[in-house]
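J.: Generate a structure from the sequence data that follows.
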Amino acid sequence: MEYSIINLPKVRLLSEEETRHYIKKAQNNDQKALDKLVEHNLRLVLKVINRFKSSGYDPQDLFQIGVIGLIKAIKNFDLDRGVKFSTYAVSRIIGEIRLHIRDDGIIKVSRSLKKIANDVRKKEEELKKKNNCSPSILELSKKTGYSKEEIVQALEANKAPTSIYETVYEDDGSELYVVDNLANESKDEEKIPDFNKILLVDLLKKLDERSRKIIYLRYFEDKTQQEVADEIGVSQVQISRLEKKILHKLRDNLEES
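T.: Modelled structure (predicted):
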């Protein structure tokens, strides 16, 4: 069945319990359960593909590919793992789109974005030679006249799929990419600053290993502070303090960028 972005069904979100119920049935070849899960998660697919606006690909095409990723997520989801389905599904949807983009070979970038990217790169090289260090997005904005948003969008469009798929954390062989959590509806998402993709790479890399792990476990694995504390080997109170400190640091670094 082909789904359209324009006429998405107006359905309520399934609870985690309902989702797991239908996943179990779908994994036992119940087509109606599979169709229901897909229908109730189409808006999750839409939210993910909105992150690929600057890729140059037709949104409807990406939407269909995202649905394929969603179906694969349903069929391969491990019900015994303590992971929310939406978290896992986002990763699989992104992975399917990433695979399509890589297989397609060339990411279409508009001429205006190409021009901005070229101008920015020239100015970046000029400032590197002059100051012996890489300029920030803010510096590039002041020197080129382009807004920070335009610069980030242009660089992102021209560098994909490398920059937005750069690994920022790896644990037990599982790689976490920059975009893997951007569409994830976490219960704690109000605590997370609204980072853009390129700045997020730099910001997370500035954290020490323990801080990166705390952010990974809390916001990408949806673990509680107590669960993180048990894994790290400290108290829940310490994790709470550390988490606040890390998020403040990320916000401060973002403002300085």
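J.: Does anything pack onto whatever helix or strand A89 lives in? Which helices or strands?
T.: Secondary structure from DSSP states H and E places A89 in helix 85-104. Other helices and strands packing on helix 85-104, by 3 or more CB pairs under 8 Å, 6 or more residues apart in numbering; DSSP states H and E, are helix 16-26, helix 42-49, helix 59-76. Glycine gets a C-beta too; all of them are placed from N, C-alpha and C.
J.: okay, the residue nearest to L62 when sequence neighbours are not counted: pLDDT?
T.: Once flanking residues are discounted, L62 sits nearest to I49: 4.5 Å by CB to CB, 6 or more residues apart in numbering. Looking at I49, its pLDDT is 89.
J.: Next up, the contacts around I49.
T.: Going by CB atoms under 8 Å, 6 or more residues apart in numbering, I49 touches 59, 62-63, 66, 97.
J.: would you list the helices and strands packed on helix 85-104 in JSON lines and tack on distance to S112?
T.: Below are the helices and strands packed on helix 85-104 laid out as JSON lines (distance: least, CB to CB, whole Å):
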{"stretch": "helix 16-26", "distance to S112": "41"}
{"stretch": "helix 42-49", "distance to S112": "21"}
{"stretch": "helix 59-76", "distance to S112": "19"}
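J.: and those helices, which is most packed in?
T.: helix 42-49 (a mean of 21; mean count of other CB atoms under 10 Å).
J.: Measure how it sits relative to helix 85-104, angle-wise.
T.: 50 degrees (axes from the mean of the first three to the mean of the last three CA atoms, to 10 degrees).
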